[in-house]
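got a structure for you, letters missing:
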């Protein structure tokens, strides 16, 4: 019996070596995962969602917030992920303003004005300072 076990172990070792050498099941260019480009707080939310078996109710309990609050937060993460998949760069100003709106720190109209001013300033810079 010991001999058979040793042969099995040798066989298993040889298979592992062959798999490493041939790189079986490994694509030539591993795909980039946009999920890994999410901010750490978004990754933490996704991780906890998985640990809660996809339960938003459980996720809300862990974060000590209501179901609608966690749903809105998850929707933002989904939107960021869709943007990354589509190749769009994150817009920190838009995200910050959206966060302020959610907290009641700024009105939607004021946030729109800030974005408009920011876009005009960017256009002016692109045109050599002339608006």
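Sure thing, it's come through. In this text, all values refer to a predicted model and were calculated from it rather than measured experimentally. Numbers count the residues shown, from 1 in each chain.

OK, contacts around the spatially most central residue of the chain?
Nearest residue to the geometric centre of the chain (Cα atoms, centre = their mean): residue 38, 3.1 Å. By Cβ atoms under 8 Å, 6 or more residues apart in numbering, residue 38 lies in contact with 46, 77, 80, 81, 84. In short, each C-beta sits where N, CA and C put it, glycine included.

among the residues you listed, which are in helices?
46, 77, 80, 81, 84 (DSSP state H).

where does this structure dip in pLDDT?
Counting by pLDDT under 70, the chain contains low-confidence residues at 1-31, 124-131.

quick one: the helices in it?
So, for the chain - with DSSP H - the helices run 2-22, 40-51, 56-63, 67-85, 92-103, 108-126.

among those, which comes closest to residue 34?
Nearest to residue 34 among the helices of the chain is helix 67-85; the distance by Cβ to Cβ comes to 3.7 Å.

can you tell me what sits against the closest one?
34-35, 37-39, 42, 45-46, 49, 56-57, 59-60, 63, 65, 90, 95, 98, 102.

may I see the buried residues of that helix?
Of all the residues in helix 67-85, those buried under the rule 16 or more other Cβ atoms under 10 Å are 70, 73, 74, 77, 80, 81, 84.

let me know the closest of the residues you listed to residue 116.
Nearest to residue 116 out of the buried residues of helix 67-85 is residue 80 (Cβ to Cβ; 22.5 Å).

how near is that closest one to residue 94?
Distance of residue 80 to residue 94, given as Cβ to Cβ, to the nearest Å: 11 Å.

how about residue 50?
Separation of residue 50 from residue 94 (Cβ to Cβ): 27 Å.

please apply the same query to residue 59.
As defined by Cβ to Cβ, residue 59 lies at a distance of 25 Å from residue 94.

out of those two, which sits in the busier spot?
A direct count of neighbours by other Cβ atoms under 10 Å for residue 59 and residue 94 places residue 59 higher, at 23 against 13.

I'd assumed residue 47 was in contact with the more buried one.
No: in this structure, residue 59 is not within contact of residue 47 by Cβ atoms under 8 Å, at 10.5 Å.

I'd like the distance between the residue lying closest to residue 108 once chain neighbours are set aside and residue 83.
Of all residues not flanking residue 108 in the chain, residue 101 sits nearest, at 5.9 Å (Cβ to Cβ, 6 or more residues apart in numbering). Separation of residue 101 from residue 83 (Cβ to Cβ) stands at 18 Å.
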